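K.L.:
Provide a 3D model corresponding to the input given below.
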Amino acid sequence: MNQSIKTILISAFCMNLAGFAVLSFLAVYLSHHLLFSVGETGTVLSLMTLSSRGLPIFAGGMGDRYGYKNMMGIGLLIRGSGFILLAFAQSFFFIGIGTTLIGIGSACYEPSSMAFFSSEATGENKKRIFTYLNLSLNGGAIIGPLLGGYLLLLDPSYPFIISGLTFYILFFFQFIIIKPQRKIVRNRNSIVAGVKQIVTNKRFMNYCFAMIFFWFMFAQLTVSIPLHMYNLSKNESLVTIIITVNAVTGLVFMFLFRRLYVKINIFTLLKIGIVTMSCSLFMIVFTSTPYWLLICILFFTIGETLVLPSSDIAISEFTQEKFQGSYYGFFEISFAVGATFGNYAGSFLINQQPSSFIPWIVFSGVGMIGFLLIWLLNKKPHCRILRELEDNGRQNIR
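P.N.:
Take a look at the predicted model:
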């Protein structure tokens, strides 16, 4: 593992720490501190989601063309500026601009960082690096909500200011240490060429469609689950504990599962993970207590821990080392669609029927649709190609 990869892994930890210091309580902050309506809260969250997940197809292509390091640096600066704006904004208009900047920064950074990993490693080493990445992300997500909760008690603007400054510091840190990747697509039309290749890759397109239903379900971690916890407890501290439980559980099971990502077929892990998450949401209907909700979150996280690294590894197999930034960028569209519907549906259903079992049946059912689509995708002959690629990667490592 070279110095550049280590630097990006450290950055992932710091970025998630800074991000979750704000995002873990953002929905509650908008609803109960700024008194935004359900529509305004959903719109603000969706602006961030749409910009962060809809723009990466272009930002990823720019990373292929101009260099992943350059796009990561731009992303850090833009995202940091968005957090700083949120520290001082009170109106819906400026809050919307701030969250949009955060989303644009993510769109510039994430596809290029993932493509950097994919281009710098092969076979089992690539899978290990993606596992380390998720360990770093979960580590940051553990400390982030605790830091955010403490800073929020001091002053509501402090979490936003500290997060923004963190991204500025990371920009200079990466600028000095990270070396440009070895492979850059020199074709001036690389963005268009990448999109053309992606849309004709039916295997990848079907995969993106199936994952929309997963992202809808995943979005409830930061929308309906925190709102439900607040409705049950009327305690903001328990809301921040949700992300902490999620992150700690994810970190522990990521470590325990680290060998599975190398040895077991990625689609098998995806199916098991999605079913586990779907069942955990269904379990919420059994009883309405904060402690039972935390138990359900634990099982939700176990499933999430199987899905997230596997979904990234799957993309690297689809790319076949071409237009990697564009592939990772395009995949974010599935998140944009799924999470946007998830944000609105989560806010609407929980606010309209806070004590009903209906929202959780809906969320669980959507997850099961995603499972069925992944199951059908895994049955198709083309998935044998992915298994052959994995086997060849293992042989090359040996």
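
K.L.:
V285 contacts F363, correct?
P.N.:
No. In this structure V285 lies outside contact range of F363 using CB atoms under 8 Å: 10.4 Å. C-betas here are computed from N, CA, C, even on glycine.

K.L.:
ok, how many other residues are close to F216?
P.N.:
Neighbours of F216 under the rule other CB atoms under 10 Å: 26.

K.L.:
backbone torsions only: list them for it.
P.N.:
The phi/psi pair for F216 (degrees, to the nearest 10) reads phi -60, psi -50.

K.L.:
so who does it touch?
P.N.:
By CB atoms under 8 Å, 6 or more residues apart in numbering, the residues touching F216 are 338-339, 341-342, 345, 363, 366-367, 370.

K.L.:
among these, show me the least confident.
P.N.:
Lowest pLDDT among these: A339, with 85.

K.L.:
of the contacts of F216, which belong to helices?
P.N.:
Of the positions in these, 338-339, 341-342, 345, 363, 366-367, 370 sit in helices, assigned by DSSP state H.

K.L.:
elements contacting the longest helix seen in the chain?
P.N.:
When the chain is parsed with DSSP H, its longest helix is helix 123-154. Packed against helix 123-154 by the contact rule (3 or more CB pairs under 8 Å, 6 or more residues apart in numbering; DSSP states H and E) you find helix 3-23, helix 92-120, helix 158-177, helix 236-256, helix 260-263, helix 290-319, helix 383-397.

K.L.:
give me the mean pLDDT for that helix.
P.N.:
Mean per-residue pLDDT for helix 123-154: 81.

K.L.:
on that earlier part again, identify the farthest-apart pair in the contacts of F216.
P.N.:
Farthest-apart pair in the contacts of F216 is A345 and G370; separation 14.4 Å (CB to CB).

K.L.:
pick out whichever of the two has more residues nearby.
P.N.:
Neighbour count, other CB under 10 Å: between A345 and G370, G370 has more, with 27 against 20.

K.L.:
can you get me a residue count around the residue lying closest to that one once chain neighbours are set aside?
P.N.:
What sits nearest to G370 in space, not counting adjacent residues and going by CB to CB, 6 or more residues apart in numbering, is F213, at 3.1 Å. Residues near F213, counting by other CB under 10 Å, number 26.

K.L.:
who touches F213 in this structure?
P.N.:
338, 366-367, 369-370, 373.

K.L.:
with L373 instead?
P.N.:
L373 is in contact with 206, 209-210, 213, counting by CB under 8 Å, 6+ apart.
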